[in-house]
Structure formats: C-alpha cells, structure tokens
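**Q** quick one: sequence and predicted model below, then my questions.
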Amino acid sequence: MADEASPPALAEPRLTNREAQDKWAIDVSVDPYDIPLEQLDPSHPALFEHNRFAPYFQRLRNEDPVHFSKDSMFGPYWSITRYQDIMAVDANHKVFSSDINNGGIRMGGQPTEQPVEDSPFYLPMFIMQDPPKHDAQRSVVSPSFTPGKLQEMRELISQRAKTIISNLPENEPFNWVRSVSVELTGQMLASVFDVPQEDRHKLIHWSDTVENLGNPDFFETPEEGFQELWKCFTYFNEIWQQRQASKTPGDDLISILAHNDATRNMTPNEFLGNMLLLIVGGNDTTRNSITGGVLALHDNPDEYQKLKLNPSLVRSLVPEVIRWQSPVAHMARTAMTDIELGGKHIKKLDKVVMWYISGNRDESEIDSADRFIIDRANPRKHLSFGFGIHRCLGNRLAEMQLTILWEEILRQKLHIEVVAEPVFLRSNFIHGIRDLPVVVTRG
C-alpha cells in the first residue's frame, strides 16, 4: 500500500437517507398473510428494527421458499428461506458468486463491467472475492484462528470477562450492550490488532458506522457515513506503515497482513475493506449473540432456571443462542449462470439472498425451531456461520467468548433482568440490538 495514499473524493449525493426512508416507507403492523404473495418483501430494514420479520419468513418457508421479489428498495432479488436450499447456495461458490464486481454479499449490490476502483464506496474485501484471490487472502488470516491460537487467548478472555462482570452496577438500570457485549468484543479487537485499549471505542464506532450508513438518525446521506469510514483508513494506514517497516514483525493481524505477499500491496480501498471486515466480523456477530442470549433467557425463564441449576449447560446454550439470534441475518450472492433451485428458474446475474435468520427457524430441519431450548441434542445444527469457502473464520473465537462470559456470569451468581424493551438495529444484514436495559443482582 502506497505511503502517500489518501481517501478518494466523494461524489455528490443523490437521495438523502431520510428521503430514501420516506420513499420506501412501509406499515410494519400489516399482517404479511394479508399481503399478496407475489408482493411479499421481507427485506425492509424497518421490519428488523421493529422485530416484525419472523412471520414474513414463516409464510415464505411454508408457501414459497424460493421467492422472487420484483420490487424492493434494494432492487429485484430471490429470497432463499429454507435450510437445505440455503446450504445448496452457500456451498456452490462456482455458480453463486460473492465477488464485489458481481454485486457482493449484501442486498443492493449490482454487477459492474468496469469497477470504479477509486470510488470511496468500492471497498473490496476477501469475503467479497471469489477464488483464487479469496483463498489466497483468507489463508493469510486463518492461522490467527487455529485451536492453538485460541487457547492462547483463553486466559486473557477469562480475565476480562471476570473484570467486566465484577464491575457491573447492582440494582440500577444500565445498557447491557455497551457495558458488557461491546466492552468484551472491543477489548478483544484491540488485542488482535495490537492497538491501544483506549482505541477500542474507535473500532466499535467504525463497526457501528458500517451498519448505520443508510440510517437517517445517524447520517444525512450514505456519503457522510463513508467519510467517517475513511477515518478508519487514516488510523490504520499509519499503523500499517510502521509495522510493514519493522524488521521483526509481530503476530497481530495488521503485521500478518502487512508482511504477506498476498496482502502487503493492497490498494487503499481494499485495505480499508479488509480492515472493516475484520472489525465487523470480530465485533457485531459476537456482541449481538452476547446480548441476544440475555434477551432469550429473559423471555424464556424456565430455560434460565434450567441453566442456573445446571451450569454445565453453557456448552449447549452458546450454539443455541447463536442459532436463535442469527446475528448475520442474510448473505447475498449473484448467479453466474442460469440454474434451477426449489423448482424456480434463477437467471444469470439474478441477486440471490440466503436468509440465515429464516433457515435457522426451519422446522423441517430443526426440531421445535421456534423454541429456545438450551439443552438441544444437536445445538450446532444452524446456519449462523455459513457454509463452504466463506464459512466464518472466527466462529470458534465467538463461541469461546460467549462460553467464558456465561461461565463467569454463573460463577458470580449474577441474575440479569431485562427492565425495558430492547432497541433493535435498523438493518436487514446484521440482526443487532443497540440497547438492552437490564438490572442485575447477585446471589
């Protein structure tokens, strides 16, 4: 990456976030069974913000599991809502492309014949690449998540979990997301990047920015949000230059990327894209599973009591929480050839959306899928980490953080009570919780 690299210039905005929200406004109180099936569109972010998405997916699983939406705020797309169909798409990377130039992994991305490589919105990352480039870049990072590396982190996570839980206020409301979920994941992000712990709040801010680019409560325009993301580039570029110049590179993620032939010469856009991928991957999924577990146990008090009586159930609780929360609601692909799926004809360049959050409720594959059960016989049967070449690299680290945290909660005999309604993220990509007011007591 060049020393003199600078963020690209921003283009003039088209619609403001408020204008886009008003243009595509929906009534979230409408029963999806009252909507004509061909008009059913489960993708609107407001459905996730108001926690009203589940019946949309239930109807699609039952009536039209491979469903085409002709008109949405993200353009036309196919919804894949059943477990086996999602696996079929996820495992077939030769037909279903993740490449950013073919539309990428999120809704709204469209194929482009000539990518604008100096656009501030063009942020390639290895999860948005196809082989061979995907494989080369992923292989640089994957050694950081081997069982041996995870064991090296275990004691550090345990110490931090103990401190975080010990310092929680008793008998007074606070936001569990900020005090626990974000705090643990932020500290771990700072460690794997080897940046000062006080900078962890910047990392969380940039992670939040990615999911709030289109939210008018945060940014007037997406362009304004991208300007904020390029501050992340400025921050990490300085660190990158220092570590690339080092004759004795460390084993943190930045040093590893800076000294490997597959990643050392990334363009500024690609560098920022991969840094954001690592930040979001290391923060959003784990933190929302931490928070989602608290909410699920509150909503299912019998399961909470079962856990308190038998703390060894933490081992099956954790994958059940990850299934139940489904922190990554969807991943998108682009069909690179005509193909039939579920009796439907998907055409070349059609956008295909794998709704993990729906597949994890597919009762044809998961017994009592609409129930939260912490002692399931096969709790790891879920889609939350994906399948195939793009399966989540940090899945074991996420599980380890959740396991250690819940073991510490139980060891300190912490009782957590949710005292107000959660505030959900306005996103159909990350199934997130922004605010979860709780009161804790001990003993």
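**A** Sure thing, it's come through.

**Q** now the stretch 51-200 of the chain, which segments are flagged as low pLDDT?
**A** Filtered on pLDDT under 70, the stretch 51-200 of the chain yields the residue ranges 116.

**Q** tell me where it has strands.
**A** 66-69, 77-80, 96-97, 174-175 (DSSP state E, counting those that start in this stretch).

**Q** just say which of these is most tucked in.
**A** strand 77-80 (a mean of 26; mean count of other Cβ atoms under 10 Å). Just so you know, the C-beta spots here come from the backbone N, C-alpha and C atoms, and that holds for glycine as well.

**Q** picking up where we left off before, among the strands of the stretch 51-200 of the chain, which is nearest G359?
**A** strand 77-80 (7.9 Å; Cβ to Cβ).

**Q** which strands or helices does the closest one pack on?
**A** Judged by 3 or more Cβ pairs under 8 Å, 6 or more residues apart in numbering; DSSP states H and E, strand 77-80 is in contact with strand 66-69, strand 351-355.

**Q** now the element after the longest one, going C-ward?
**A** Toward the C-terminal end, the helix or strand that comes next after strand 351-355 (DSSP states H and E) is helix 356-359.

**Q** please state the offset of that next one from the chain centre?
**A** Here the centre of helix 356-359 is set off from its chain's centre by 13 Å, with Cα atoms, centre = their mean, to the nearest Å.

**Q** ok, now stretch 37-54?
**A** Distance, stretch centre to chain centre, for stretch 37-54: 18 Å (Cα atoms, centre = their mean).

**Q** could you work out the end-to-end span of it for me?
**A** 15 Å (Cα to Cα, to the nearest Å).

**Q** cool, and stretch 385-401?
**A** In stretch 385-401, first residue to last residue: 15 Å (Cα to Cα).

**Q** now the strands for the stretch 301-443 of the chain?
**A** For the stretch 301-443 of the chain, the strands defined by DSSP E, counting those that start in this stretch cover 330-335, 339-341, 344-346, 351-355, 414-418, 423-424, 433-435, 437-442.

**Q** including mean neighbour count, mean pLDDT and distance to G103, could those strands go into TSV?
**A** Converted to TSV, these look like this (neighbours: other Cβ atoms under 10 Å; pLDDT from 0 to 100; distance: least, Cβ to Cβ, whole Å):
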stretch	mean neighbour count	mean pLDDT	distance to G103
strand 330-335	24	97	4
strand 339-341	15	98	16
strand 344-346	16	98	14
strand 351-355	27	98	6
strand 414-418	16	97	39
strand 423-424	18	98	26
strand 433-435	19	97	28
strand 437-442	17	97	39
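
**Q** in TSV: the ones you listed, plus distance to H298.
**A** Shown next, in TSV, are those (distance: least, Cβ to Cβ, whole Å):
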stretch	distance to H298
strand 330-335	26
strand 339-341	38
strand 344-346	39
strand 351-355	25
strand 414-418	4
strand 423-424	15
strand 433-435	12
strand 437-442	8
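
**Q** how about these, which one is nearest P111?
**A** strand 330-335 (6.2 Å).

**Q** in a markdown table, list the strands of the stretch 51-200 of the chain along with distance to F126.
**A** Below are the strands of the stretch 51-200 of the chain laid out as a markdown table (distance: least, Cβ to Cβ, whole Å):
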| stretch | distance to F126 |
| --- | --- |
| strand 66-69 | 28 |
| strand 77-80 | 23 |
| strand 96-97 | 14 |
| strand 174-175 | 33 |
